[in-house]
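>>> Here is my input; please provide its structure:
(chains A, B and C)
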Amino acid sequence: MSREALRGLLGGALLVLLWEGVACGFALPSYTLPAVSEILASIWVQRANLITGGATTLLEALAGYAFGTAIGITLATVIIVLPWSRSAILPVVMAVNSVPVAAYSPLVLLWFGIGVSSKIALVTLAVGFTVFLSALAGFDRVDRRSVDLLRSFGAGQASVLWRLRLPAALPLIAAGMRVATVRSLIVAIVTEMLGAQSGLGWIIYQAVVGIDFVGVWSAIFVASALSLAFFGVIGWIERKVIFWR
Amino acid sequence: MSAALALTARRGAAGWRWAAPALLWLGRLILGLAIAAAVWEGAVLAFAIRPEYLPRLSAILATIAATPEAYVAGFLRTLLETLIGFAAGVVVGVLNGILFLRAPVLRDMLFPIFVVSQTIPVIAFGALVVLWFGNTLLAKAVIAFYLTFFPVTVNTLLGLQSVDPRQIALLRSFGASGRQLLLRLMLPAALPQIFVALRLGASLSLVGAIVGEWFGDTTGLGVILLQAMYTEQVTVMWAAILCAALLGTGFYAAVSLAERWLVFWGAEQ
Amino acid sequence: MQRRTLLAAAAAAPAILPFIAHAQGTQKATLRLKWLAQTQFAGFYLAKARGYYEAEGIDLTINPGGPNLLTENLVASGADTFGLSGGTDSVFAAREKNLPVVCVGVAHQQTPFVFVSRADGPIRTIQDFRGKTITTWFTGANYVLLGMLAKAGLKPGDFTMQPQQVSVTPFVDGQVDVVTATRYNEFYTLMTRMGREKLRTFVAEDQGITFPRDTLIVSETTARQKPEMVRGFLRASIRGWRDALKDQKAGVDAVMAAAPSLNRDHQEFMLVEAGKLMTAGAAAQQGLFWIDEAAVRSAHDFLREYEVIKAPIDLAKAYDGSFLATIPAADRMA
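Model prediction:
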């Protein structure tokens, strides 16, 4: 195991100890802060339910993530290739993104129904925006003079994009994609809380209504574990790809 | 010193030359908005879209005109929460980034916890937020902060790490202190990357403020939005969405403008 | 001479009372509502606007609720003094999870929601729900629906029950056969979109099920340590509600002042319907906020039957009518 991972585990362990100490030491009631041990026990009891819910949420998040990443990068590329479209696309994207995802939920639920597609749509929106901004900033980062230089050698738009802009933008796109992993799961969960048939958000919602605080935390723990894993996987892929380049 | 002088001089001379493009830009903006408004209104009329799906823009504007004070009060309140949360998120995020660069042990220990913290849907813990931060404006700002600080941390760290080591070595050889290195070289070099996060944070802090208002608040765009959602006042809901979009776009534009100034200046150095 | 001063003093007493309370020092307190400002809570807003809480020595702040904001939680933890919480169902759930809250009054005496189908559609009786798609809230209404259908001989597999989203549009568009609507909110939207005559309603009480909702709660600590404040709060709230139900314009105004973007017609309708729910059943004889033990017990037994509540709840501890009982019955009547 790498040193980084060990330190990460150490940090996590310290947090858990602190949490457990506070919850037990001050004898906090579960509606303020349940003990970690209590939550883990509840996860074990609820495991079947949480696995099904987690699978649904993960599916929504992954699908939305794939669509969102593709759309975000494509849109940024369009703006670079067709500079005049920037002033048209950018304000619209900004305006759409300034409104909390939850506010679109009544509309999206109307359009896409209460199943997984409405969640995928909203995850796509959130991820797409994050990746779009990063990609655009990355493409813009290239020095004008380098572009001019490459052009003077007869390179076309596509060539400039592929040879110059993409390599320069990769670290930023990668950072955006990493931030977006976490967003994808959270948006899926929040949308599920506002209307769904299954998923972690739906479990959380029912637990809140049933005043089952340990249940809420259990579902959140599972969601966090999934996000962390997703974040780790994307980070790992990035290191491989960027190293290779 | 001389760079600063040159900069002021250039700005003074450029004053007039900047006014014309600004006016042109304003004209284009107004034209763009007018076209968008016409398309919206026309599409709803032409396709006979029902208000539940999309109301006419004119109906939404009429709704705002009926009780403008409610929307102005909501706008200002949400703006304030957003700004406080954003400012706190940026300061803490940048400091985190510097701290993590200096102390990789801390980075390795805390970073995963930060990631985990971002995976918690705040909306599930409304009662805890009220419990810890009360019904104050602060509680909403805290949520805005919570959503902002993470991207700023990530991008600051990445920006600082991507500084050319040869440049650092060069400055070091001239006897630059750690602080000088940071302020003169590393932060300016990381600025473009940090600004990506700031632009992202501009939207996220607004979202945080609005969602924060859903934990039992009396004023704000989030309150109007939620109330309208559940009583199915479609035009009011869209009016709130429109106000939020205006706030978000305006804030984003302000951040972008700041970026253009600062990063341009950074590049000149 | 002396007699006259005494008489004058007696006559002035009601006017002086508030000042005495002031002298004793007003206590700060908060009321957490179950949702945002709307005329479902008009009486509280009017009582505050007219200074009734101040007159009882309470400096009251009204805190709105929100989605996923649990009133029981906030009152149990002491973040809020009083709460107008979900209903008998949420009080049971809270007591079951050992949250130290006590219900001191019930606002809506009957099930505030109904199930709605199209009047010109194939669903005429509750038996017709067989094979149909029904949307409902999974916050208690789902059990009422299951109970109603069970009494009509339908089992859970005989129909499709889906979680209901925020908007009633899928029902209006005909994608859903039966929709759940509170009498004061969603039903108004359905009426304005489709017309009252197009709607057929199914009422829980017709099937012998009743589900009182909108419960006033305090923490056990407050009930024990500040009984006088609880009584004062109830007195002032009832005064506010009596005013709001008599002078509905004033009630709507008080709410609209807090939330100007609301639709006035809708809010007027809501107050009328809230008034009906608050004066229904036992409240007709016993007055506002009456805790109808029989109704509470029936709701409890019903939820026990469906194992929503895992173990029986000590109702005497969860529902305390003693505070209300100190207010003369005549003063409680709407």
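>>> What parts of chain A come near chain C?
Listed as neighbours of chain C in chain A under the rule CB under 8 Å from any CB of the partner chain: A:29-32, A:105-106, A:109-110, A:114, A:193-197, A:202, A:205-206, A:208-213. Any C-beta I mention is one placed from the backbone N, CA and C, and that applies to glycine too.
>>> can you map out the helices along chain A?
Secondary structure of chain A (DSSP state H): helices located at A:3-25, A:36-45, A:47-81, A:86-97, A:101-112, A:116-140, A:144-152, A:157-159, A:166-193, A:200-209, A:213-244.
>>> is any part of the fourth one close to chain B?
Going back to what we said before, that points to helix A:86-97. Yes: contact of helix A:86-97 with chain B (CB under 8 Å from any CB) involves A:87-88, A:91-92, A:94-97.
>>> Can you give me the neighbour number for residue 178?
Going with chain A. By other CB atoms under 10 Å in any protein chain shown, 21 other residues sit near residue A:178.
>>> Hmm, no, I was thinking of chain C.
For residue C:178, the neighbour count with other CB under 10 Å is 24.
>>> Need the helices of chain A in CSV (columns: mean pLDDT).
Rendered in CSV, the data for the helices of chain A read as follows (pLDDT from 0 to 100):
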stretch, mean pLDDT
helix A:3-25, 84
helix A:36-45, 92
helix A:47-81, 94
helix A:86-97, 80
helix A:101-112, 79
helix A:116-140, 90
helix A:144-152, 75
helix A:157-159, 74
helix A:166-193, 86
helix A:200-209, 88
helix A:213-244, 85
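>>> tell me the contacts of the closest residue to residue C:66 other than its chain neighbours?
Among residues not flanking residue C:66 along the chain, residue B:214 sits closest, at 4.4 Å (CB to CB, 6 or more residues apart in numbering or on different chains). The contact partners of residue B:214, taken as CB atoms under 8 Å, 6 or more residues apart in numbering or on different chains, are A:102, B:123, B:126, B:222-223, B:226, C:66-67, C:69.
>>> Name the residues that touch the helix or strand encompassing residue C:304?
Assigned by DSSP states H and E, residue C:304 belongs to helix C:293-305. By CB under 8 Å, 6+ apart, the residues outside helix C:293-305 that reach it are C:88-89, C:92, C:106, C:109, C:143, C:147, C:209-212, C:281-282, C:309, C:312-313, C:315, C:319, C:321.
>>> Show the contacting residues for residue 95.
I'll assume chain A. Residue A:95 makes contacts with B:245-246, B:248-249, as judged by CB under 8 Å, 6+ apart.
>>> Let me rephrase: I mean chain C.
C:101, C:313-314, C:317-318.
>>> residue ranges of the strands in the stretch 1-150 of chain C, please?
Per DSSP state E, counting those that start in this stretch, the stretch 1-150 of chain C carries strands over the ranges C:27-32, C:58-63, C:82-87, C:101-108, C:113-118, C:133-136.
>>> want to throw those strands into CSV with distance to chain B and mean neighbour count?
Putting those into CSV (distance: least, CB to the nearest CB, whole Å; neighbours: other CB atoms under 10 Å in any protein chain shown) gives the following:
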stretch, distance to chain B, mean neighbour count
strand C:27-32, 7, 20
strand C:58-63, 5, 21
strand C:82-87, 11, 26
strand C:101-108, 13, 26
strand C:113-118, 14, 22
strand C:133-136, 15, 21
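>>> Check the offset of stretch B:148-156 from the chain's centre.
Relative to its parent chain, stretch B:148-156 has a centroid offset of 12 Å by CA atoms, centre = their mean, to the nearest Å.
>>> Tell me which helix or strand residue B:53 sits in.
Per DSSP H and E, there is no helix or strand for residue B:53.
>>> burial of the nearest residue to residue C:291 once chain neighbours are set aside, as a residue count?
Among residues not flanking residue C:291 along the chain, residue C:321 sits closest, at 4.5 Å (CB to CB, 6+ apart). Residue C:321 has 18 neighbours, counted by other CB under 10 Å.
>>> Show me the chain divided up by domain.
You didn't say which chain, so I picked chain A. A:1-33, A:58-196+A:231-244 (automatic domain parsing).
>>> my question was about chain C
Listed domain ranges for chain C are C:16-110+C:211-292+C:310-332, C:113-207 (source: automatic domain parsing).
>>> So which of the ones you listed has the densest surroundings on average?
Of all these, domain C:16-110+C:211-292+C:310-332 carries the top mean neighbour count, a mean of 21, counting by mean count of other CB atoms under 10 Å in any protein chain shown.
>>> show me the residues around whatever residue of chain A ends up closest to chain B that make contact.
Going by CB to the nearest CB, chain B is nearest to residue A:98 of chain A, at 2.0 Å. Going by CB under 8 Å, 6+ apart, residue A:98 touches B:203, B:206-207, B:244-245, B:247-249, B:251-252.
>>> Distance to chain C and secondary structure for those - can I get that in JSON lines?
Output for the contacts of residue A:98, formatted as JSON lines (distance: CB to the nearest CB, whole Å; DSSP: H, G, I helix; E, B strand; the rest coil):
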{"residue": "B:203", "distance to chain C": "22", "secondary structure": "helix"}
{"residue": "B:206", "distance to chain C": "18", "secondary structure": "helix"}
{"residue": "B:207", "distance to chain C": "15", "secondary structure": "helix"}
{"residue": "B:244", "distance to chain C": "14", "secondary structure": "helix"}
{"residue": "B:245", "distance to chain C": "17", "secondary structure": "helix"}
{"residue": "B:247", "distance to chain C": "16", "secondary structure": "helix"}
{"residue": "B:248", "distance to chain C": "20", "secondary structure": "helix"}
{"residue": "B:249", "distance to chain C": "22", "secondary structure": "helix"}
{"residue": "B:251", "distance to chain C": "22", "secondary structure": "helix"}
{"residue": "B:252", "distance to chain C": "25", "secondary structure": "helix"}
